[in-house]
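[1] When you get a sec, could you give me coordinates for this:
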Amino acid sequence: MKRKIVVACILALTLTGCVNTDLSMNADSTEEASKENAAGEENSKSSGDPSDKKTEQTDEEEDETSEETEDEAEESYSGDGYQVVAFDENSMKVTMEPFGEVELIPLIDKDAGKWSSFKIMQDDTELAQVYYSRHHSLKEDDTYYDEISEVGICDINFDGISDVVVVGDTQEGEMIQICTGEYEDYSDSYNYYSTFSKPEAIEDYFGSDFSAAATIAFLTDGHPDGQFDSYQEAYEMIASRYCLGHDYADYEYKLIYFDDDDVPELVIDYPGYSVSMYTFADGKLILSIDDWGYGAGGNGGYDYYPKAGLAENYNTDYAGAILYTYYMTMDENYKVSLAYSEKYYNYEDKDGDGVPSDDELDDWSEDYEGKTEYECYTGEDLTQDEIVDRISDLVKGTGDEIDSLSGDENLIELNNELTAPSWKVSKLEGEENSFTVGGEEFELSVNVPEEYYKEFTLSNGDSQYQEKILCNTENMFLIEKANGKSYLYINILDEGNSDTLYVFDLNNTKISEPRIYEDYSLFYNDITDANSFVLLKTEDIFGRSVVKKTFTVGFDGMPVSVDKFEYYVGIDSINPGKPVGETGETIVTKKEMTLDSSDNIDSEYYWTEKTIPAGSNLTLYKTDGETYVDLITDDGVGVRFKIEDGVICDEYTEDDFEDVPVFG
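    As a prediction, the model looks like this:
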């Protein structure tokens, strides 16, 4: 098993917010710090020669350039767990784990003629390279930096290896990229590369003004050193951030006891693809298992022995002709890595090449006992018998109790386990509202400057946002998450039932433009639990119906759904004072139909054809929005209609049904 430890972090970014040297994204950031940083940025911009921007000097240089050092003090700064330096086209001195103090040497791509990577140098030895050109696809060119303004260093994914934040201008505009460190087992080699995952998720959050410090503060939730007050706080943060920019419904979670202490580990599972695991020790969040792949190539996944610090994996090659068993252990730094393996030959390897030929497989018989080889990956020189003894010692005492290293909860269910007390939601009503968040006082007023319009004004001292909106009804909610972050949701409903949600981030020193959410709607409903609330939208597959999804407040404050499907509800669900229905509308078949059917409608497997007679009642249940709609018969059997481009496929149309719902 060739395994790499890799983070599925963020991306190519475009971010906002002034640099804050204490990396706090909360309202306790001081105005003075912002002014100092802004002055430092202005000094940086005024210099026409990047080589003049020295980040660190020798004792002799300090004596000669003390005045210059004072002018450029704002261009290089650090704190617990992070460092930001102004870009120097010659080299930059930084501190990086696991190397210590190193030099970053900028390199230019020979073909593009633009900045593309750094060399990490120490004592004239090249340790690794950082590649930050943004690769789009095989059909598109990379995006290179024309200019780089600053570089940030921080372990953003908490794996003990420093990551690199690159800030600058590209042909696509201002951009930030996160280059995440990678460690390869067995070779003790390090290299760096960029990973990109839906950068629009962060670009939407920050806008166009950005800095390395703001990026680090955002992605570490203000904890660049990985220190948190509790595992609950740490796990809630990383579980939400892990899938930032992804569909939250794609991930599953589980709290397990991997080692023998009383603090659980957090499993983050992308079912069928990869699994990661975080632990919490000495007040610090630690990535113990990073993106172990499975689900292909004969790898069905991983198991673990509770409280034993031991994971196990079974793998096959050549349709089971070769069977592998891997044993992974947790070290004193809470990292889980491969220790030993068994390789069982389920055929007679007559030519000794380790690969089953057709002739060797044809000669296979049930009487063949097979052959097992063992390997050690701990760096020790062990005999085959000694490895067998080591494996036996690992499993001994576990009682053979074993469980799957996989997730079984969605983000809402995980948060319910972790969060106490629950996230607070306050409904704001009337023309004037005052509230305090993070020690900062906010005022929210709603005026009617002219007919059909309402004017919303949110202010915090000298910082203010004001907008006049055409609307009929508004619902306003102050949401305070368990991690201390707060958001203001203002849901606008106009006379045509057009619904828009404005999301204000209340965690910065200045009030910024709200983000807009329009995919699903609140309509006249309330949010009472920020960890779990329902939003609706209309669906046009069967008539015009109403569907729902369950949402939580995501890492960036926006609503994110944990549902893989849209579930149908009654049309009355969107009306004032009406609760969200439990089921969709019921339609009636006009003719006999042959459809895929299942006794378990929530199962993705074991569907068989069944004939449904004319006059059957079918209740709309769920849809994936792209390929099928599931309905339920009166006797509880699920039936499935295939859809394409939002229209029922095959030989059936809406004319084949009665009581097709019509909304609006």
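[2] pLDDT score assigned to the residue nearest to Gly543 when sequence neighbours are not counted?
    Excluding its sequence neighbours, the residue lying closest to Gly543 (CB to CB, 6 or more residues apart in numbering) is Val660, at 3.8 Å. Every residue, glycine included, has its C-beta placed from N, CA and C. Predicted confidence (pLDDT) at Val660: the value is 91.
[3] Kindly state the beta-bridge partners for Tyr567.
    Beta bridges link Tyr567 to Lys548, Lys622, judged by DSSP bridges.
[4] For the stretch 1-150 of the chain, which residues score under the pLDDT cut-off?
    Residues of the stretch 1-150 of the chain meeting the criterion pLDDT under 70: 1-75, 134-141.
[5] Could you do the chain as well?
    Judged by pLDDT under 70, the chain has its weakly predicted residues at 1-75, 134-141, 183-204, 207-208, 245, 363-368, 495-497, 650, 664.
[6] returning to that earlier point: if I read this right, the residue nearest to Gly543 contacts Glu654, doesn't it?
    Yes - counting by CB atoms under 8 Å, Val660 does reach Glu654; the two are 5.4 Å apart.
[7] neighbour-wise, which of those two wins?
    Val660 (16 against 12; other CB atoms under 10 Å).
[8] need the contact list for that one.
    Phe542, Gly543, Ile587, Glu654 (CB atoms under 8 Å, 6 or more residues apart in numbering).
[9] Just say helix, strand or coil for it.
    coil (DSSP: H, G, I helix; E, B strand; the rest coil).
[10] all strands for the stretch 201-350 of the chain, in order.
    Ranges of strands within the stretch 201-350 of the chain are 252-256, 265-270, 274-281, 284-293, 302-305, 310-317, 322-330, 336-345, based on DSSP state E, counting those that start in this stretch.
[11] for the stretch 501-650 of the chain, that is, sorry about that
    515-517, 533-539, 545-553, 559-561, 566-569, 586-589, 593-598, 608-612, 617-623, 628-633, 638-644, 647-648.
[12] so what sits against both of Val660 and Glu654?
    Phe542, Gly543.
[13] Asn472 is nearest to which of the strands of the stretch 501-650 of the chain?
    strand 533-539 (17.3 Å; CB to CB).
[14] returning to that earlier point: could I get the strands of the stretch 501-650 of the chain as CSV with distance to Pro271?
    Formatted as CSV, the strands of the stretch 501-650 of the chain follow (distance: least, CB to CB, whole Å):
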stretch, distance to Pro271
strand 515-517, 27
strand 533-539, 24
strand 545-553, 19
strand 559-561, 17
strand 566-569, 20
strand 586-589, 33
strand 593-598, 20
strand 608-612, 25
strand 617-623, 19
strand 628-633, 20
strand 638-644, 22
strand 647-648, 29
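[15] quick one: which of those strands is nearest Glu450?
    Short answer: strand 515-517, nearest of the strands of the stretch 501-650 of the chain by CB to CB, at 22.6 Å.
[16] I'd like to know which elements that closest one is packed against.
    Packing partners of strand 515-517 (3 or more CB pairs under 8 Å, 6 or more residues apart in numbering; DSSP states H and E): strand 499-505.
[17] The strand it packs on: partners in the sheet, and parallel or antiparallel?
    strand 486-493 (antiparallel), strand 515-517 (antiparallel).
[18] Now tabulate the strands of the stretch 501-650 of the chain in TSV and tack on distance to Ala214 and mean neighbour count.
    As requested, those are exported to TSV (distance: least, CB to CB, whole Å; neighbours: other CB atoms under 10 Å):
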stretch	distance to Ala214	mean neighbour count
strand 515-517	16	16
strand 533-539	29	20
strand 545-553	21	23
strand 559-561	22	22
strand 566-569	35	23
strand 586-589	52	18
strand 593-598	50	17
strand 608-612	55	12
strand 617-623	40	21
strand 628-633	43	22
strand 638-644	43	18
strand 647-648	45	14
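[19] so which of the strands paired with strand 499-505 is the most packed in?
    Among those, the stretch with the highest mean neighbour count (mean count of other CB atoms under 10 Å) is strand 486-493, at a mean of 23.
[20] Show me how far it is from its chain's centre.
    Mean-position distance between strand 486-493 and its chain equals 24 Å (CA atoms, centre = their mean, to the nearest Å).
[21] and Pro449, how many residues sit next to it?
    8.
[22] Which helix or strand contains it?
    Remark: Pro449 resides in no helix or strand, with elements defined by DSSP states H and E.
[23] Then Phe456?
    Applying DSSP H and E as the criterion places Phe456 in strand 453-460.
[24] What helices and strands are in contact with that strand?
    Counting by 3+ CB pairs under 8 Å, 6+ apart, strand 453-460 packs on strand 440-447, strand 463-470.
[25] Let's check: the centremost residue of the chain is which one?
    Cys243 (1.7 Å; CA atoms, centre = their mean).
[26] ok, back up a step: biggest separation within the contacts of Val660, which pair?
    So, those by CB to CB: farthest apart are Ile587 and Glu654, at 9.0 Å.
[27] Now do the shared contacts for these two.
    Common neighbours of Ile587 and Glu654 (CB under 8 Å, 6+ apart) are Phe542, Gly543, Val660.
[28] Help me confirm that the second one comes into contact with Thr653.
    No - in this structure, Gly543 sits apart from Thr653 without contact. The criterion is CB under 8 Å, and the distance is 11.6 Å.
[29] if we can go back for a sec, wait, what's in contact with the residue nearest to the centre of the chain?
    Going by CB under 8 Å, 6+ apart, the list of residues near Cys243 reads Asp250, Tyr251, Leu411.
[30] For the first one, the count of nearby residues, please.
    By that I understand Asp250. 14.
[31] Report the spatially nearest residue to it, omitting neighbours in sequence.
    Tyr270 is the one closest to Asp250 (CB to CB, 6+ apart), at 6.2 Å.
[32] beta partners of that neighbour?
    Beta-bridge partners, per DSSP bridges, of Tyr270: Ser274.
[33] same deal with Lys468?
    Per DSSP bridges, the residues bridged to Lys468 are Glu455.
[34] Wait, it touches Tyr452, no?
    No - look at Lys468 against Tyr452 with CB under 8 Å: they stay out of range, at 10.5 Å.
[35] Check the separation of the first and last residues in stretch 88-100.
    End-to-end span of stretch 88-100 (CA to CA, to the nearest Å): 20 Å.
[36] mind checking the backbone torsions on the residue nearest to Gly543?
    Taking degrees, to the nearest 10, you get phi -70, psi 130 for the backbone angles of Val660.
[37] Can you report how many residues neighbour Leu502?
    Check again: residue 502 is Tyr, not Leu. 21.
[38] likewise Asn600?
    By other CB under 10 Å, neighbour count at Asn600 equals 12.
[39] Test my guess that it contacts Tyr606.
    Yes - applying CB under 8 Å, one finds Asn600 in contact with Tyr606, separated by 7.3 Å.
[40] OK, contacts around the nearest residue to Thr398 once chain neighbours are set aside?
    Nearest non-adjacent residue to Thr398, counting by CB to CB, 6+ apart: Tyr305, 4.2 Å away. By CB under 8 Å, 6+ apart, the contact list for Tyr305 reads Ala311, Glu312, Val395, Thr398, Glu401, Ile402.
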